[in-house]
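S.K.: Below is the sequence, then the predicted model.
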Amino acid sequence: MGQGTLIARTPGWTKKATIAQAFIRGVVSTPSVPVLVVTITFIGFGALARDLGLDVLQAMFISATVFALPGQVVLASEIAKGTGLAAVAFAVTLTSVRLLPMSFTLFPVMRSKNTPRWLEYLLCHFSAITVWIEAMRQLPTLPRRLRVAYFSGFISAMMVVLLTATMTGSLLAAEAPPPVAAGMVFLTPIYFFLSLIETARNTADKWAVAIGVVLGPALYQILPGLDLFLTGFIGGTISYGLMKWLNGRGPKK
Amino acid sequence: MSGLGEGGWSYLTLFVAGFCATQPWRYLGVFLSRGVSEDAEILVWVRAVSTALVAGLVARMVLQPAGALANVTLDVRVGAFLIGCCVFFLLRKSLAAGVMSAASALILAQYYLVG
């Protein structure tokens, strides 16, 4: 077992824990500040979906099947605008590319030698930013044999919490006074923006935030429908190029 | 209002444009996790593309909103957004504080201005 200096100590309960006990521990671990924040934003998503004309079951269906807020918001917004199915799917796909590095880095931490492949493909449905952050923080402190069970408990609880939050948001938005409904919808953009800043790893990510903010509204005026796709593709490529160019000019080479 | 409608077809549409558009990346992540390095260049570019896309979406939601937010004036939307950013940085990048202060600022401003 790698016992890195940054990794917190292995909790005592793990010594004799069975798989079922690890699952329960995963469920119990759910309440935390990041989970609270994402719960509030799923309430916001429910409100937003309602605002865009989707009913409560449609909003919950999106939360359950997509389970990644940026994709959900793109899906709901574009569908509501009447964008064609192919263009919507394409925008959602581009938004969801960010999930690849998450499951890519999560599973080497989580799997043990006898984790079946099918289980990995089932569990990866739950790789999304908050789950990823919490799992990457907690799993390394546990013995490998318990990690999959612990994670399963955690994501089961998350699913229940987030579906309830979506439902609550959708139902509340219909009843809330207009200023409160607006505030609930406002949760989504501010949460996205602050998480982008928080999780930016390199210069390219930071440039991508700045360029995206400018390109998004501009392209929406010029080419509505393709605006998100082009913002991502053009903004991301420019940011990546800028980082490479700046690195090339830097003192290193 | 929505281009989606109700009933079974709406769920099929959501399934195709949502689940089917999202899931392949997760599968591919699991599949590749037995080989490629986390710092592979292609992933750096991919992250930048999706970051720019989400940033664009944020700007669109704040500057050109539909629905409930459209009834809030531009200065209130931008002001509340900036308050959220300031609180976030002042409180050592506290996501919860940033998000809640932005939403509260917007709601309070609406009650104060609109009544």
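M.R.: Cool, got the structure.

S.K.: Which helix in the chain has the most residues?
M.R.: Chain wasn't specified; assuming chain A. Taking DSSP state H as the assignment, the helix of chain A that covers the most residues is helix A:144-175.

S.K.: meant chain B actually
M.R.: As assigned by DSSP H, the longest helix anywhere in chain B is helix B:41-63.

S.K.: what about stretch A:148-161 and chain B, any contact?
M.R.: No. In terms of CB under 8 Å from any CB of the partner chain, no part of stretch A:148-161 sits within range of chain B; the closest distance is 12.7 Å. From N, CA and C alone the C-beta is placed, and that goes for glycine too.

S.K.: Show me the contact partners of that stretch.
M.R.: Residues from elsewhere that reach stretch A:148-161, judged by CB atoms under 8 Å, 6 or more residues apart in numbering or on different chains: A:19-20, A:22-30, A:35, A:39, A:64, A:67, A:110-112, A:115, A:119, A:123, A:126, A:130-131, A:134-135, A:138-139, A:142.

S.K.: how much space between A:Gly239 and chain B?
M.R.: One thing to correct before we go on: residue A:239 is Ser, not Gly. For A:Ser239, the distance to chain B under the criterion CB to the nearest CB, to the nearest Å works out to 5 Å.

S.K.: how about the helix or strand containing B:Ala97 as PDB, C-alpha atoms only?
M.R.: The secondary structure element spanning B:Ala97 is helix B:95-114 (assigned by DSSP states H and E). C-alpha atoms of helix B:95-114 as PDB (Å, rounded to 0.1, in the frame of the first residue of the first chain):
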ATOM      1  CA  LEU B  95     -17.600  27.800  -3.300                       C
ATOM      2  CA  ALA B  96     -20.600  27.700  -1.000                       C
ATOM      3  CA  ALA B  97     -20.100  31.300   0.200                       C
ATOM      4  CA  GLY B  98     -19.700  32.600  -3.300                       C
ATOM      5  CA  VAL B  99     -22.700  30.900  -4.700                       C
ATOM      6  CA  MET B 100     -25.000  31.700  -1.900                       C
ATOM      7  CA  SER B 101     -24.000  35.400  -1.700                       C
ATOM      8  CA  ALA B 102     -24.500  35.900  -5.400                       C
ATOM      9  CA  ALA B 103     -28.000  34.400  -5.300                       C
ATOM     10  CA  SER B 104     -28.900  36.300  -2.100                       C
ATOM     11  CA  ALA B 105     -27.600  39.600  -3.600                       C
ATOM     12  CA  LEU B 106     -29.800  39.000  -6.600                       C
ATOM     13  CA  ILE B 107     -32.900  38.200  -4.600                       C
ATOM     14  CA  LEU B 108     -32.400  41.100  -2.200                       C
ATOM     15  CA  ALA B 109     -31.800  43.500  -5.000                       C
ATOM     16  CA  GLN B 110     -35.000  42.400  -6.800                       C
ATOM     17  CA  TYR B 111     -37.100  42.800  -3.600                       C
ATOM     18  CA  TYR B 112     -35.500  46.200  -2.900                       C
ATOM     19  CA  LEU B 113     -35.800  47.500  -6.500                       C
ATOM     20  CA  VAL B 114     -39.000  45.900  -7.700                       C
END
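
S.K.: So which residues make contact with that helix?
M.R.: A:33-34, A:36-37, A:40-41, A:178-180, A:182-184, A:186-187, A:190-191, A:194-195, A:198, B:72-73, B:76-77, B:79-81, B:83-85, B:87-88, B:91.

S.K.: Swap in 7 Å and give it another go.
M.R.: For helix B:95-114, the surrounding residues in contact (CB atoms under 7 Å, 6 or more residues apart in numbering or on different chains) are A:33, A:36-37, A:40, A:179-180, A:182-183, A:186-187, A:190-191, A:194-195, A:198, B:72, B:76, B:80-81, B:83-85, B:87-88, B:91.

S.K.: Please enumerate the helices of chain A.
M.R.: A:19-28, A:33-51, A:56-66, A:69-81, A:85-96, A:99-110, A:117-123, A:129-138, A:144-175, A:178-199, A:203-222, A:227-249.

S.K.: tell me which residues of the fifth one are tucked away?
M.R.: Taking 16 or more other CB atoms under 10 Å in any protein chain shown as the basis for neighbour counts, the residues of helix A:85-96 that come out buried are A:87-96.

S.K.: per-residue confidence averaged over that helix?
M.R.: pLDDT averaged over helix A:85-96 equals 89, rounded to a whole number.

S.K.: Now A:Gln21. Nearest residue, chain neighbours left out?
M.R.: A:Trp13 (7.4 Å; CB to CB, 6 or more residues apart in numbering or on different chains).

S.K.: For the one you found, the count of nearby residues, please.
M.R.: Residues near A:Trp13, counting by other CB atoms under 10 Å in any protein chain shown, number 12.

S.K.: Between helix A:178-199 and the helix or strand bottoming out on mean pLDDT in chain B, find me the angle.
M.R.: The helix or strand with the lowest mean pLDDT-type score in chain B, counting by mean pLDDT, DSSP states H and E, is helix B:41-63 (a mean of 87). Interaxial angle of helix B:41-63 relative to helix A:178-199 (axes from the mean of the first three to the mean of the last three CA atoms, to 10 degrees): 160 degrees.

S.K.: on that earlier part again, can you narrow the buried residues of helix A:85-96 to ones near chain B?
M.R.: Within the set of these, contact with chain B (CB under 7 Å from any CB of the partner chain) is found for A:88-89, A:92-96.

S.K.: just these now: which is nearest A:Tyr240?
M.R.: Here the nearest of those to A:Tyr240, counting by CB to CB, is A:Leu94; it sits at 14.6 Å.

S.K.: Distance check, the closest one against A:Gly212.
M.R.: Taking CB to CB, to the nearest Å as the measure, A:Leu94 and A:Gly212 are separated by 12 Å.
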